[in-house]
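[1] this one's structure only:
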Ligand SMILES: NC(=O)C1=CN([C@@H]2O[C@H](COP(=O)(O)OP(=O)(O)OC[C@H]3O[C@@H](n4cnc5c(N)ncnc54)[C@H](OP(=O)(O)O)[C@@H]3O)[C@@H](O)[C@H]2O)[C@@H](O)CC1
Ligand SMILES: [K+]
């Protein structure tokens with residue numbers, strides 16, 4: 001479980017936030033006391049009287065651990081500390097000096113039912129030393145409950161890269177803000193349940209986890225056009241475009257058109273079909289001023305026809321959602337194609353498509369932001385950790401969704417849900433966040449082992465939860 005609408009800060013941003021707290025008159029010791037109090041409170045809640053082993057590393061993460069040890073002992077709990085080295089000068093050293101209970105070295109440590117991991121937090125700079133990682137993993141495996149302070153030790157807090165973190169952590173108590181590493185890459189599987197403790201730092205940021213959108217019921221005078229008109233362009237593999245179109249219908253659009261050379265005639269009668277002969281015909285149709293959003297890419301194909309449709313969609317200057325084959329056609333030229341567009345664009349690549357289009361380095365958040373800035377488009381970088389970024393720097397992350405979403409066609413469904421949000425007036429990363437949330441919720445409602453058509457039936461139920 002991941003907190004919704006929670007701020008996300010990098011290690012560097014955490015240091016800045018910490019400095020701002022110090023500048024306001026709060027001492028380093030006071031801030032560490034607050035962090036340790038939060039750790040002690042959550043640990044006591046889960047320990048329910050069981051003996052506790054606290055691992056204290058050499059940095060401030062270890063300092064938090066010493067505070068928690070002292071407070072838990074004061075509450076009468078049976079606490080033992082494992083010190084992995086002398087703490088660095090400053091608050092951590094002072095907190096260690098205030099700890100007067102049992103202390104052992106790492107290699108003499110005996111497992112206890114409750115384990116608190118205060119080895120390393122945001123200051124982890126390199127992989128855990130192998131012996132340390134092995135003992136930590138063993139203590140964790142033998143504990144009945146493990147809580148990590150701030151970040152599981154062995155997880156890169158900025159990227160989620162695995163630097164030796166064990167499996168089996170039950171709770172991670174994030175201090176002040178979530179870190180990118182909680183949400184990305186290996187972090188998704190290593191943190192257990194994530195809780196967020198307010199320790200009084202200013203975590204105001206444009207990066208946060210996605211939350212349930214607030215949608216509106218159509219007003220009394222709404223009509224099919226005012227509810228948003230979506231056009232989905234059908235290509236070589238028509239099934240994918242159908243999934244997008246049906247998803248756009250159940251996500252609240254007033255009018256959905258499936259446009260193709262010979263558009264599919266099955267399915268609901270409410271789905272409007274529009275045949276076009278050539279890309280010139282398509283370009284003319286897309287001039288229609290009723291159109292609020294266009295989806296291009298699901299099942300498009302990559303032949304000359306597809307290229308013509310892409311050019312027609314660009315020429316129309318309507319809000320445009322590009323997915324699948326449209327992304328492949330743009331390829332490494334995405335930035336130059338997109339920078340000239342006046343109307344808003346959303347790109348919805350999965351990681352393979354993203355990597356083929358863009359060569360940026362860094363965490364998934366940094367790479368997605370770089371792509372948004374380079375293209376001027378809102379990027380929805382899909383995956384178990386879906387990262388959404390706008391060119392202005394807003395970031396939303398939706399992580400920890402149903403792993404059953406890893407099946408064909410679910411990306412096409414997302415493109416349709418997104419088009420419905422755009423057609424109804426939602427903008428930029430807000431439209432992406434709403435679509436990703438509805439998509440994730442529909443997948444949960446569909447249960448296990450669903451296929452993409454199944455989840456479409458649950459989109460309107462997900463919409464109902466947001467009114
Ligand atoms: N910022 C805030 O607002 C607040 C922060 N708080 C807390 O501070 C934590 C961050 O503390 P931090 O910066 O001292 O880093 P931390 O993770 O304890 O470790 C750094 C130490 O480990 C060492 N080291 C690194 N990698 C290593 C490795 N692989 N193997 C071995 N050693 C390694 C490194 O030394 P080095 O060897 O690199 O010289 C250094 O000594 C944060 O997560 C939170 O818990 C709260 O108290 C209050 C609010
Ligand atoms: K930790």
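    All right, it came through fine. Predicted model only: the values in this text are computed from it and were never measured. Ligands and ions are numbered 1, 2, ... in the order given.
[2] and the closest residue to residue 370 other than its chain neighbours, how many neighbours?
    Of all residues not flanking residue 370 in the chain, residue 360 sits nearest, at 4.2 Å (CB to CB, 6 or more residues apart in numbering). The way it works is simple: take the backbone N, C-alpha and C, and place the C-beta from them, glycine included. Residue 360: 15 surrounding residues under other CB atoms under 10 Å.
[3] residue 274 now?
    16.
[4] again, but for residue 113
    As a burial measure, residue 113 scores 16 neighbours (other CB under 10 Å).
[5] OK, contacts around it?
    Residues counted as contacts of residue 113 (CB atoms under 8 Å, 6 or more residues apart in numbering) are 47, 50, 51, 52, 143, 144, 145.
[6] from the residues you listed, which is closest to ligand 1?
    Nearest to ligand 1 among the contacts of residue 113 is residue 52, at 17.6 Å by CB to the nearest ligand atom.
[7] how close does that closest one get to residue 210?
    Separation of residue 52 from residue 210 (CB to CB, to the nearest Å) stands at 34 Å.
[8] which residues touch the residue in the stretch 201-350 of the chain positioned nearest to ligand 2?
    With CB to the ion, the shortest gap between the stretch 201-350 of the chain and ligand 2 falls at residue 201, namely 17.6 Å. Residue 201 is in contact with 14, 17, 18, 20, 21, 31, 176, 177, counting by CB under 8 Å, 6+ apart.
[9] what's the answer for residue 133, then?
    By CB under 8 Å, 6+ apart, residue 133 lies in contact with 127, 154, 164, 166.
[10] mind running it again at 7 Å?
    Residue 133 is in contact with 154, 164, counting by CB atoms under 7 Å, 6 or more residues apart in numbering.
[11] now name the helix or strand holding it.
    Taking DSSP states H and E as the criterion, residue 133 maps to helix 130-142.
[12] how about the stretch 351-467 of the chain: which residue is closest to ligand 1?
    residue 363 (16.8 Å).
[13] surely that residue meets residue 181?
    No. With contact defined as CB atoms under 7 Å, residue 363 does not reach residue 181; the gap is 8.1 Å.
[14] so what sits against both of the two?
    Counting by CB under 7 Å, 6+ apart, the residues touching both residue 363 and residue 181 are 158, 159.
[15] between the two, point out the one with more neighbours.
    Higher neighbour count among residue 363 and residue 181: residue 181, with 32 against 21, using other CB under 10 Å.
[16] from residue 194, how far out is the more buried one?
    For residue 181, the distance to residue 194 - CB to CB - is 11 Å.
[17] repeat that for residue 361.
    Separation of residue 361 from residue 194 (CB to CB) stands at 26 Å.
[18] who has more neighbours out of these two?
    Higher neighbour count among residue 361 and residue 194: residue 194, with 22 against 7, using other CB under 10 Å.
[19] which residues does the more buried one bridge with?
    In this entry, residue 194 is beta-bridged to residue 172, by DSSP bridges.
[20] ok, now which ones touch it?
    1, 2, 3, 172, 174, 178, 182.
[21] what is the nearest of those residues to residue 90?
    Proximity of the contacts of residue 194 to residue 90 (CB to CB) peaks at residue 174, which lies at 22.1 Å.
[22] three-state assignment of the closest one?
    Assigned state for residue 174: strand (three-state reduction, DSSP: H, G, I helix; E, B strand; the rest coil).
[23] over to residue 407?
    Going by three-state DSSP, the secondary structure assigned to residue 407 is coil.
[24] what's the burial count for the closest residue to it other than its chain neighbours?
    Take residue 407 and drop its neighbours on the chain: the residue closest to it by CB to CB, 6+ apart is residue 451, 6.0 Å away. Neighbour count of residue 451, defined by other CB under 10 Å: 13.
[25] okay but residue 451 is in contact with residue 405, surely?
    No. Using CB under 7 Å, residue 451 makes no contact with residue 405, being 10.9 Å away.
[26] backbone dihedrals for residue 181, please?
    When read as degrees, to the nearest 10, the backbone of residue 181 gives phi -60, psi -20.
[27] residues contacting it?
    151, 155, 156, 157, 158, 159, 160, 187.
[28] before we move on, what about residue 367?
    By CB under 7 Å, 6+ apart, residue 367 lies in contact with 358, 360.
[29] that one: what secondary structure?
    helix.
[30] what's the answer for residue 201, then?
    Following three-state DSSP, residue 201 is assigned to coil.
[31] check what pLDDT it gets.
    pLDDT recorded at residue 201 is 94.
[32] how near is it to ligand 1?
    Separation of residue 201 from ligand 1 (CB to the nearest ligand atom, to the nearest Å): 5 Å.
[33] please name the nearest non-neighbouring residue to residue 184.
    Nearest non-adjacent residue to residue 184, counting by CB to CB, 6+ apart: residue 160, 3.4 Å away.
[34] the one you found sits in which helix or strand?
    For residue 160, there is no helix or strand it lies in under DSSP H and E.
[35] residues contacting residue 444?
    Counting by CB under 7 Å, 6+ apart, residue 444 has contacts residue 402.
[36] secondary structure class for it?
    Strictly by three-state DSSP, residue 444 counts as helix.
[37] how close does it get to residue 412?
    Applying CB to CB to residue 444 and residue 412 gives a distance of 19 Å.
[38] circling back to that earlier point, let me know the pLDDT of the residue nearest to residue 184.
    Per-residue confidence (pLDDT) for residue 160: 97.
[39] burial count for it?
    A count of nearby residues for residue 160, using other CB under 10 Å, gives 27.
[40] swap in residue 290?
    Neighbour count of residue 290, defined by other CB under 10 Å: 11.
[41] OK, contacts around the closest residue to it other than its chain neighbours?
    Take residue 290 and drop its neighbours on the chain: the residue closest to it by CB to CB, 6+ apart is residue 229, 5.1 Å away. Residue 229 makes contact with 254, 255, 290, 291, 292, 423, according to CB under 7 Å, 6+ apart.
[42] now do the buried residues in the worst-scoring helix or strand of the chain on mean pLDDT.
    Of all helical and strand segments in the chain, the minimum by mean pLDDT, DSSP states H and E falls on helix 334-339, at a mean of 92. Buried residues in helix 334-339, defined by neighbour count with 16 or more other CB atoms under 10 Å: 334, 335, 337, 338.
[43] what sits against the second one?
    Translated: residue 335. Residues in contact with residue 335 (CB under 7 Å, 6+ apart) are 374, 375.
[44] pLDDT (mean, whole number) over whatever helix or strand residue 44 lives in?
    Per DSSP H and E, residue 44 falls inside helix 28-47. Regarding helix 28-47, the rounded mean pLDDT is 98.
[45] same question, stretch 386-405
    In this model, stretch 386-405 has an average pLDDT of 95.
[46] can you give the contact residues for it?
    Stretch 386-405 is contacted from outside by 2, 8, 183, 188, 206-210, 364-365, 368-369, 372-373, 376, 378-381, 384-385, 428-429, 432-433, 436-437, 440, 443-444, 448-450, using CB under 7 Å, 6+ apart.
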